[in-house]
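Enquirer: Quick one, what's the 3D model for this:
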Amino acid sequence: MIWHFLKYLLSFTISAFYRKIKVKNIHYVKTKNPAVIACNHPNAFMDPILFSYVAFPPKIRYLARGDAFKPGLITMLLQSIGIVPIFRMQDAGIEGLKKNAATYRVVNKLLKHNRKIIIFAEGICIQERRLRAIKKGVPRLIFGAQKELPDKELQVIPACINYSCASKQGSSAFINIGEPFVIKGKIPDFEQNPNKVMLDFMEELHEKMLPLTIHIANSENDHLFESLSIMFTESLCIEKHINPSDLGNRFQAQKEIEQVINFSDTNLKSELQRLNNITKLYDDALTKNKITDNCIQQYGNKNIHKLQLIVPSVLLSLMTCIYLPLKFFFFIQFWCCKFLTH
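Expert: Numbering: from 1, shown residues only. As a prediction, the model looks like this:
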């Protein structure tokens, strides 16, 4: 009951906070198969709420830090809205990790009934333009669940949430969901060599999630990416003849900018540094003159530029059509007056 009340309440608040929300491949989540959704975590509180909101139905459960579960009313409230506690070494120590056995039992029970569960695969929430390494707890939970459900084929669904500005009202959110894959066939290898299989899985999952989000490999290039995105996202969309207001298209253009930056950071460091310096000077000039790049883009836009030429020309023509007859009329009057006075 509490979950449904919050769901309808959030349908107003989320749409008021985010200017645009788009989900790609939501049909991968709306199946009857049990699934673990491995997601990035750029915006602590909002990520699970936003994903649950856009995916409903089904009702999505998710794992959250166990140290938030205080005894009493708070725990009851969190559990009632579908949150399952998971404990990390850095938060709860060895004793906390022992409690995860109960968490795995809850997860397995939910998956047995074909539920969907979100696990934040990076294990940490930082607002940045990169995907961090997958934590080892992710394959441990997934392979453990598959072993407990031998008659089912557990799906792993990679997903990433991309915010234009995670904490700013009026920003946008693009939820990019990848194609599900299964790990049932790897269970025999997992039983023989669990560490190797888990490490391989972590690498595989990371590779499947990378195309779903912006990943700037070197944090020193974060500012450059933001600046180039503002300058070139719309023009790249126009060049490709795709709608720049569509969040999926904008993400596609930004992925091209990301790839250029990452390639240049590896192969063309000096040129990239020069571009970085020029971009900073450009941004400083915009700030100093209190203008935005959007204003300059609009001025340079071909259609607007043509309009700026056409409108004055039309007005000038109209004024000329009015001015010449009036000038001739007043000239006649002036000539007559001059003739009579002589």
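Enquirer: And the strands in the stretch 101-250 of the chain?
Expert: For the stretch 101-250 of the chain, the strands defined by DSSP state E, counting those that start in this stretch occupy 116-120, 155-163, 172-177, 181-182.
Enquirer: Next up, identify which helix or strand A64 is on.
Expert: Per DSSP states H and E, A64 falls inside strand 60-65.
Enquirer: tell me the mean pLDDT over that strand?
Expert: Strand 60-65 shows a mean pLDDT of 83.
Enquirer: That one vs strand 116-120, what angle?
Expert: Relative orientation of strand 60-65 and strand 116-120, computed by axes from the mean of the first three to the mean of the last three C-alpha atoms, to 10 degrees: 30 degrees.
Enquirer: Alpha carbons of strand 60-65, in CSV - could you do that?
Expert: C-alpha atoms of strand 60-65 as CSV (Å, rounded to 0.1, in the frame of the first residue of the first chain):
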residue,chain,number,x,y,z
ILE,A,60,11.1,-3.3,-9.2
ARG,A,61,12.9,-4.2,-6.0
TYR,A,62,16.5,-3.0,-5.3
LEU,A,63,19.4,-3.5,-3.0
ALA,A,64,20.5,-0.7,-0.8
ARG,A,65,23.1,-0.1,1.9
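Enquirer: Direction included, what does it pair up with?
Expert: Strand 60-65 pairs in its sheet with strand 83-86 (parallel), strand 116-120 (parallel), by DSSP bridges.
Enquirer: Of those, which stretch is the most buried?
Expert: strand 116-120 (a mean of 24; mean count of other C-beta atoms under 10 Å). Every residue, glycine included, has its C-beta placed from N, CA and C.
Enquirer: Contacts for that one, please.
Expert: 29, 34-41, 47-48, 51, 55, 58, 60-63, 84, 86, 107, 110-111, 138, 141 (C-beta atoms under 8 Å, 6 or more residues apart in numbering).
Enquirer: wouldn't Y28 be in contact with P158 here?
Expert: No. Contact criterion C-beta atoms under 8 Å: Y28 and P158 do not qualify, at 9.5 Å.
Enquirer: Among these two, which residue is more densely surrounded?
Expert: Just comparing Y28 and P158: by other C-beta atoms under 10 Å the higher neighbour count belongs to P158, 26 against 19.
Enquirer: In the sheet, which residues pair with that one? Tell me.
Expert: Beta-bridge partners of P158, as defined by DSSP bridges: A38.
Enquirer: Tell me which residues touch Q254, please.
Expert: Q254 touches I214, F225, S229, T233, counting by C-beta under 8 Å, 6+ apart.
Enquirer: relative to strand 155-163, how tilted is the helix or strand hosting it?
Expert: Assessed by DSSP H and E, Q254 sits inside helix 247-267. Orientation check (the same axes, to 10 degrees): helix 247-267 against strand 155-163 gives 90 degrees.
Enquirer: K30 should be in a helix, yeah?
Expert: No. With DSSP: H, G, I helix; E, B strand; the rest coil as the criterion, K30 is located in coil rather than a helix.
Enquirer: Make sure it is actually in contact with K59.
Expert: No. With contact defined as C-beta under 8 Å, K30 does not count as touching K59 (11.7 Å).
Enquirer: Of those two, which one has the most company?
Expert: When neighbours are counted by other C-beta under 10 Å, K30 and K59 differ, and K59 comes out ahead with 14 against 11.
Enquirer: The closest residue in space to that one that isn't next to it in sequence: how many residues sit nearby?
Expert: Taking C-beta to C-beta, 6 or more residues apart in numbering, and ignoring the residues beside it in sequence, K59 has G82 as its nearest neighbour in space, at 6.3 Å. Applying other C-beta under 10 Å, we find 20 residues neighbouring G82.
Enquirer: ditto for L149
Expert: 15.
Enquirer: what residues are up against it?
Expert: P34, N108, L111, K112.
Enquirer: doesn't I278 fall inside a helix?
Expert: Yes. Counting by three-state DSSP, I278 is part of a helix.
Enquirer: can you count the residues close to it?
Expert: I278: 12 neighbours (other C-beta under 10 Å).
Enquirer: Let me see the contact set for the residue nearest to Q146 when sequence neighbours are not counted.
Expert: Sequence neighbours aside, L154 is the residue nearest to Q146 in space, at 4.7 Å (criterion: C-beta to C-beta, 6+ apart). Going by C-beta under 8 Å, 6+ apart, L154 touches N33, P34, A35, V36, L111, I142, A145, Q146, V182, I183, K184.
Enquirer: rerun that using 6 Å as the cut-off
Expert: Counting by C-beta atoms under 6 Å, 6 or more residues apart in numbering, L154 makes contact with P34, A145, Q146.
Enquirer: now swap in L110 and tell me
Expert: Counted by C-beta under 6 Å, 6+ apart, L110 has contacts R61.
Enquirer: Can you turn the buried subset of the contacts of L149 into a selection I can paste into PyMOL?
Expert: Filtering these down to the buried ones (16 or more other C-beta atoms under 10 Å) takes a single PyMOL command:
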select buried, resi 34+108+111
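Enquirer: What count of nearby residues applies to F17?
Expert: So F17, with other C-beta under 10 Å, has 16 neighbours.
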